[in-house]
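Asker: Got a predicted model here, sequence first, then my questions.
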Amino acid sequence: MGNFGKWLAVSALMGGLLIGGAAAQAAPAAVRVKVAQGTAQGVVQGDVLSFKGLPFAASPTGALRWRAPRSAPAWKGVRQASTYGADCMQKPFPGDAAPLGVTPAEDCLYLNVWRPAQASSAKLPVMVWIYGGGFVNGGASPAVYDGSQFAKQGVVLVSFNYRLGRFGFFAHPALTREAGAEPIGNYGTMDQIAALKWVKANIAGFGGDPNNVTVFGESAGGGSVLTLMTSPAARGLFHKAIVQSGGGRGGLMPMRKISEDQPGLPSAESVGVAFAQSVGVEGADAAALAALRALPAEAVVAGLNMAAMRTTTYVGGPLLDGKIIVAAPDAVIRTGGQAKVPLMIGATSADLGFSTAASKDALFQGFGANAERARAAYDPGGEVSLGALKTKVGADQTMVEPARYVAGLVSSQGLPVYAYRFSYVAESLRKALPGAPHATELPFVFDTAEARYGAKLTAADKAAAQAANAYWAAFAKSAEPRAPGAPDWPRYDAKTDLILDFTNDGPKATPDPWKDRLDLVAATR
């Protein structure tokens, strides 16, 4: 059968093996759960019970546009929790790796819960998902984010929406005056914290353990996890963290200050004023703020999405507000000021990155005194195209090396860290792709590859998804990503530089094969 064939066979059985420890009892007679706001009725599908579209905060519309989230109002009777709430207002991105399943709207602060349909005598670990999308796109409704497979692993999976674009990250002098001591600017991050507080207060009713919560996210969601790890406002709301392609050196986007200009980076307030002027709103008084809040949601979006993010009227993402976000995450981690939680972190093998170099010489000159070493590491035969080199170097600088850097920082503080690289490429795409592009791990982590690849899904793809999902669930359960029948995942130490590489031939624990080139990237910081 061969080693890989044996691994495929074992992987196919992982889901059933892992559920066995959940001490399952008879299926519940009712599918109603009481939360702080009222009673919700979920839907049983096979082995999974789900609740969708539960409000975790009040609608952020009208006078609550650009305000910290307020408590969700109570409802009377039984709320049918069978469909997703609206994803947050945005202009959908046609090439999104996780296309939305519902129509966006400004009234969007809803969450979803999946859990095993059968009751358990023990409290179940909880995983809370934060989607990516450059802080301008994304939502909890995409089919690839369905939490059913995690529920089958004996995990309570929660996903939620947070405000995006100018709804989620915005400043203006009139807002600053109105807010007083209330935090401003990072409304999307405040939504994330509000969702985690809702989980802490309510998840026990779903059979989840509020003292065993893992927060995880990808891209902007991964960057958000780093922000939550280092935000004083999120302290104590989770106990483990997973960062997927979330960067790690500075913010994923430039981090502006609310009122203070930085070199080459105007303040968030000045950007907000520029937006206000673009829609015909002048001044910084209450009347100006009322006019901004009266704008139709589409006028606030104003075409912003991942294909059109470069504009002088949008701040770009999370802000240094001094309350929710006090510094770039890596600056906090270097001092040991982050939440002391076990961490899993990594990136894909052909991840996201950018370079503006006009030639190979210019690209390698960016490595300074190590230019020739970089040339030897990235293009030893001189045959790699400039485009391919820019993509590879850009990904290393933006995602791969920063993840390794954070792994080294956190592990040096004596905390458990597990580093990975996701190199698996679906069999139907291997001829077209040199590696795993940004976000392609998502349907494997959620074990929803069938929703992504449909009839092109192969047995190897399905096994890879089952394996990734099992590792992620195992980490949520015990802070150790070790699954029955799967290769051991070694704890990270910068001295040994061991990672788990999800290769086309299965997961493999190995010294990082890119050590030399990542060392060169680190040396240029």
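Answerer: Sure thing, it's come through.
Asker: Low-confidence stretches in the stretch 1-150 of the chain?
Answerer: Residues of the stretch 1-150 of the chain meeting the criterion pLDDT under 70: 1-30.
Asker: which residues in it form helices?
Answerer: 3-19, 148-152 (DSSP state H, counting those that start in this stretch).
Asker: The shortest one: how far from the chain's middle?
Answerer: The chain centre lies 18 Å from the centre of helix 148-152; the measure is Cα atoms, centre = their mean, to the nearest Å.
Asker: List the neighbours of that helix that are in contact with it.
Answerer: 15, 19, 45, 47-50, 114-116, 127, 157, 446-448, 469, 472-473 (Cβ atoms under 8 Å, 6 or more residues apart in numbering). Just so you know, the C-beta spots here come from the backbone N, C-alpha and C atoms, and that holds for glycine as well.
Asker: Tell me how far the following helix or strand past that helix lies from the chain's centre.
Answerer: Remark: after helix 148-152, the chain's next helix or strand is strand 156-160, criterion DSSP states H and E. Put simply, strand 156-160 sits 13 Å off its chain's centre (Cα atoms, centre = their mean).
Asker: What ranges does the stretch 151-300 of the chain have for its helices?
Answerer: Along the stretch 151-300 of the chain, counting by DSSP H, counting those that start in this stretch, helices occupy 165-168, 173-179, 187-202, 220-230, 268-278, 286-293, 297-301.
Asker: mean confidence score for the second one?
Answerer: pLDDT averaged over helix 173-179 equals 96, rounded to a whole number.
Asker: Check which residues of it are buried.
Answerer: For helix 173-179, a neighbour-count test (16 or more other Cβ atoms under 10 Å) marks Pro173, Ala174, Leu175, Thr176 as buried.
Asker: Against Ala122, how distant is the first one?
Answerer: Applying Cβ to Cβ, to the nearest Å, one obtains 52 Å for the distance of Pro173 from Ala122.
Asker: So what sits opposite Ala419 in the bridge?
Answerer: Ala419 has these beta-bridge partners by DSSP bridges: Ile345.
Asker: Pretty sure Phe367 sits against Leu520.
Answerer: Yes. Between Phe367 and Leu520 there is a contact under Cβ atoms under 8 Å: 5.8 Å.
Asker: Report the set of residues contacting both of the two.
Answerer: Arg373, Ala374.
Asker: related to what we said a few turns ago, so for Lys34, which of the helices of the stretch 151-300 of the chain sits nearest?
Answerer: Among the helices of the stretch 151-300 of the chain, helix 187-202 comes nearest to Lys34, with 8.8 Å by Cβ to Cβ.
Asker: now the buried residues of helix 173-179 as a markdown table including distance to Ser349?
Answerer: Converted to a markdown table, the buried residues of helix 173-179 look like this (distance: Cβ to Cβ, whole Å):
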| residue | distance to Ser349 |
| --- | --- |
| Pro173 | 45 |
| Ala174 | 47 |
| Leu175 | 42 |
| Thr176 | 44 |
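Asker: nearest to Gly387, of the helices of the stretch 151-300 of the chain?
Answerer: So among the helices of the stretch 151-300 of the chain, helix 220-230 is nearest, using Cβ to Cβ, at 25.0 Å.
Asker: Okay, buried residues for the closest one please.
Answerer: Under the neighbour-count criterion of 16+ other Cβ under 10 Å, helix 220-230 has Ala220, Gly221, Gly222, Gly223, Ser224, Val225, Leu226, Thr227, Leu228, Met229, Thr230 buried.
Asker: What of stretch 468-483?
Answerer: 468-477, 479-481, 483.
Asker: Please enumerate the strands of the stretch 251-400 of the chain.
Answerer: For the stretch 251-400 of the chain, applying DSSP state E, counting those that start in this stretch gives strands covering 343-348.
Asker: Could you tell me how many residues sit around Arg310?
Answerer: Arg310 is flanked by 6 other residues according to other Cβ atoms under 10 Å.
Asker: any idea how far it lies from Lys91?
Answerer: 15 Å.
Asker: What of Arg256?
Answerer: Per Cβ to Cβ, Arg256 is found 22 Å from Lys91.
Asker: Quick one: mean pLDDT for the top strand by length along the chain?
Answerer: In the chain, taking DSSP state E as the definition, the longest strand is strand 208-218. Strand 208-218 shows a mean pLDDT of 98.
Asker: Run through who's touching that strand.
Answerer: 115, 123-132, 156, 196, 199-201, 203-204, 223-225, 228, 237-246, 344, 439, 441-442, 472, 475-477.
Asker: Parallel or antiparallel, which strands does it pair with?
Answerer: When DSSP bridges is applied, strand 208-218 pairs with strand 124-130 (parallel), strand 240-244 (parallel).
Asker: Columns distance to Asp488 and mean neighbour count on top of the ones you listed, output as TSV?
Answerer: Supplementary listing: the strands paired with strand 208-218 in TSV, determined by distance: least, Cβ to Cβ, whole Å; neighbours: other Cβ atoms under 10 Å:
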stretch	distance to Asp488	mean neighbour count
strand 124-130	20	27
strand 240-244	18	27
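Asker: will you turn the ones you listed into JSON lines that also has distance to Asn305?
Answerer: Shown next, in JSON lines, are the strands paired with strand 208-218 (distance: least, Cβ to Cβ, whole Å):
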{"stretch": "strand 124-130", "distance to Asn305": "19"}
{"stretch": "strand 240-244", "distance to Asn305": "21"}
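Asker: and the longest helix seen in the chain with strand 343-348, angle?
Answerer: Ranked by number of residues, the top helix in the chain under DSSP state H is helix 459-478. Here helix 459-478 runs at an angle of 160 degrees relative to strand 343-348 (axes from the mean of the first three to the mean of the last three Cα atoms, to 10 degrees).
Asker: now could you export just the CA positions of helix 459-478 as PDB?
Answerer: Presented in PDB, the C-alpha positions along helix 459-478 are these (Å, rounded to 0.1, in the frame of the first residue of the first chain):
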ATOM      1  CA  ALA A 459      -9.500  11.100  -2.600                       C
ATOM      2  CA  ALA A 460      -6.200  12.700  -1.800                       C
ATOM      3  CA  ASP A 461      -7.800  16.200  -1.600                       C
ATOM      4  CA  LYS A 462     -10.400  14.800   0.900                       C
ATOM      5  CA  ALA A 463      -7.700  13.100   3.000                       C
ATOM      6  CA  ALA A 464      -5.700  16.300   3.100                       C
ATOM      7  CA  ALA A 465      -8.800  18.200   4.300                       C
ATOM      8  CA  GLN A 466      -9.600  15.600   7.000                       C
ATOM      9  CA  ALA A 467      -6.000  15.700   8.200                       C
ATOM     10  CA  ALA A 468      -5.800  19.500   8.400                       C
ATOM     11  CA  ASN A 469      -9.200  19.700  10.100                       C
ATOM     12  CA  ALA A 470      -8.100  17.100  12.600                       C
ATOM     13  CA  TYR A 471      -4.900  18.900  13.500                       C
ATOM     14  CA  TRP A 472      -6.800  22.200  14.000                       C
ATOM     15  CA  ALA A 473      -9.400  20.500  16.200                       C
ATOM     16  CA  ALA A 474      -6.800  18.700  18.200                       C
ATOM     17  CA  PHE A 475      -5.100  22.000  19.000                       C
ATOM     18  CA  ALA A 476      -8.400  23.500  20.200                       C
ATOM     19  CA  LYS A 477      -8.900  20.500  22.500                       C
ATOM     20  CA  SER A 478      -5.500  20.200  24.100                       C
END
